[in-house]
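Student: heads up, no residue letters with this:
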């Protein structure tokens, strides 16, 4: 049987050591990392992966797109798929900065405690790549999602971008909110069943008292691993830990959802070698996370 080869195309000046370790731990036989990959240089690399094997052997070669710039990686993904020739192709996964695996793990963790269909969810600091993906996945499974920012215009732009990339109907379940004062934070959280904080590292987005005051809250997830916590009172290691007196909700920290994220990342890498025609982005990785959760 041909060896399983994973090409790691990274837009940064150094290919991610994190992604390299996960690839090796996923059972890849040979990892071939490339750094500084640009849209203008990726096509011959893709063709080299495609044209050296044929038939069923193509499924033993795959591509991973990473790096810290999610927008750049999305453009690389377009270039990769554009370089394919019908069935002459290889499977590809995009998870720059862990955006897809993190978002998928967070939403699956939330679904342990709340039926997403009909739930009310708030995505704090939701304008970045992870926040937008969290909002998309929640809304896609039927939750009504409020995506927040300190700027209403930025929040609305993020909602529009999510809606433009998703299936019909999701736009109706998305709304934008400006949180530029403690009173607005408490007001937006007051009816939430789910709160997921996706803001920049080291920025607190809500007080513990805001979470306790949200009487319908079932689960709060903080994806910030850098002090101070994005959600006051939730520690980075928390995993379904009760928030505390006055609340029936539980909390997860970044490492609390990290176990599922890592399992999902490994499962996604392994699945690339099941066929040569897979494109794993947010929705596909979310579906895998659900399968991993049940296993």
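Tutor: Now that the structure is in, tell me what you want to look at. A quick note: this is a predicted structure, and the numbers were derived from the prediction, not measured.
Student: does the nearest residue to residue 36 once chain neighbours are set aside count as helix, strand or coil?
Tutor: Nearest residue to residue 36, sequence neighbours excluded (Cβ to Cβ, 6 or more residues apart in numbering): residue 13, at 5.6 Å. In this view, the C-beta of every residue, glycine as well, is placed from N, C-alpha and C. Three-state call for residue 13 (DSSP: H, G, I helix; E, B strand; the rest coil): coil.
Student: helices or strands up against the one helix or strand residue 158 maps to?
Tutor: If you go by DSSP states H and E, residue 158 is part of helix 152-165. Contacts defined by 3 or more Cβ pairs under 8 Å, 6 or more residues apart in numbering; DSSP states H and E place helix 152-165 against helix 129-140, strand 144-149, strand 174-178.
Student: Which residues are in contact with residue 59?
Tutor: 90, 91, 273, 274, 275, 276 (Cβ atoms under 8 Å, 6 or more residues apart in numbering).
Student: most neighbours, which of those?
Tutor: residue 90 (25 neighbours; other Cβ atoms under 10 Å).
Student: nearest residue to that residue other than its sequence neighbours?
Tutor: residue 61 (4.8 Å).
Student: So what's the residue count around that neighbour?
Tutor: Residue 61: 25 neighbours (other Cβ under 10 Å).
Student: Can you give me every residue that contacts it?
Tutor: The neighbourhood of residue 61, defined by Cβ under 8 Å, 6+ apart, consists of 4, 5, 7, 49, 50, 52, 53, 90, 276.
Student: can you confirm the third one is in a strand?
Tutor: Yes: membership of residue 7 in a strand is supported by three-state DSSP.
Student: Which residues are in contact with it?
Tutor: Shown in contact with residue 7 (Cβ under 8 Å, 6+ apart): 32, 34, 45, 49, 61, 62, 63, 64.
Student: Now list the buried members of the residues you listed.
Tutor: 32, 45, 49, 61, 62, 63, 64 (16 or more other Cβ atoms under 10 Å).
Student: quick one on the thing from earlier: show me what the residue nearest to residue 90 bridges to in the sheet.
Tutor: Applying DSSP bridges to residue 61 gives these bridge partners: residue 5.
Student: going forward, begin numbering at 30 instead of 1
Tutor: Let's use 30 as the start, then, which means that last one is residue 90.
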